[in-house]
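Novice: predicted model follows, preceded by the sequence.
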Amino acid sequence: MFSVLAEANGASTGSLLMTFIPLVLIFVFFYFLILRPQKKQEKQDQAMRDNLEVGDEVVTNGGIVGIVFSIKEDTVVIETGGDRSKIRVKKWAIAKNETTHEDDSK
């Protein structure tokens, strides 16, 4: 009688394990294919924003193209248009730096 209960208990443990393995594999799949590359991209974007310099040509998330006029802690003033109008935007709104810089470390 005890061997029947042990076999039934072992079968349910194996069945439970087989139920959770696909779920764990899905989480691992999402981590390596979605979450990890997204965090890497966020780090690259933050590094780009931290390395902005006055005179860089930038594009905002809204598509505004301008030249960095001044940089504060969390805002950037960009100069745009032929009439040299200035716009203050948050740093997180800078999508791309189109100015190429040569590394001094080479």
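Specialist: Nice, I can see it. Residues are numbered from 1 along each chain as shown.
Novice: tell me the centre residue of the protein?
Specialist: Nearest residue to the geometric centre of the chain (Cα atoms, centre = their mean): Glu42, 2.5 Å.
Novice: help me confirm that that one is found in a helix?
Specialist: Yes - judged by DSSP: H, G, I helix; E, B strand; the rest coil, Glu42 forms part of a helix.
Novice: which residue is the nearest non-sequential neighbour of Lys91?
Specialist: Counting by Cβ to Cβ, 6 or more residues apart in numbering, Arg49 is the residue found nearest to Lys91 once chain neighbours are left out, at 4.9 Å. Placement of C-beta: from N, CA and C, glycine included.
Novice: am I right that that neighbour is in contact with Ala93?
Specialist: No - if you go by Cβ atoms under 8 Å, Arg49 and Ala93 don't touch, sitting 9.5 Å apart.
Novice: these two - which one has more neighbours?
Specialist: Taking neighbours as other Cβ atoms under 10 Å, Arg49 and Ala93 compare with Arg49 leading, 19 against 16.
Novice: quick revisit: show me what contacts the residue nearest to Lys91?
Specialist: Lys91, Trp92, Ile94 (Cβ atoms under 8 Å, 6 or more residues apart in numbering).
Novice: that one sits in which helix or strand?
Specialist: For Arg49, the enclosing helix or strand under DSSP states H and E is helix 36-50.
Novice: ok, and for that helix, which residues are buried?
Specialist: Going by neighbour count (16 or more other Cβ atoms under 10 Å), the buried part of helix 36-50 is Arg49.
Novice: what residue spans form the domains of this protein?
Specialist: The record's domain parsing of the chain by automatic domain parsing lists 1-50, 53-97.
Novice: so which strand or helix has Ile67?
Specialist: Counting by DSSP H and E, Ile67 is part of strand 65-71.
Novice: now do the buried residues in that strand.
Specialist: For strand 65-71, burial by neighbour count (16+ other Cβ under 10 Å) applies to Gly66, Ile67, Val68, Phe69, Ile71.
Novice: again with stretch 46-64
Specialist: For stretch 46-64, by 16+ other Cβ under 10 Å, it's Arg49, Leu52, Asp56, Val58, Val59, Thr60, Ile64.
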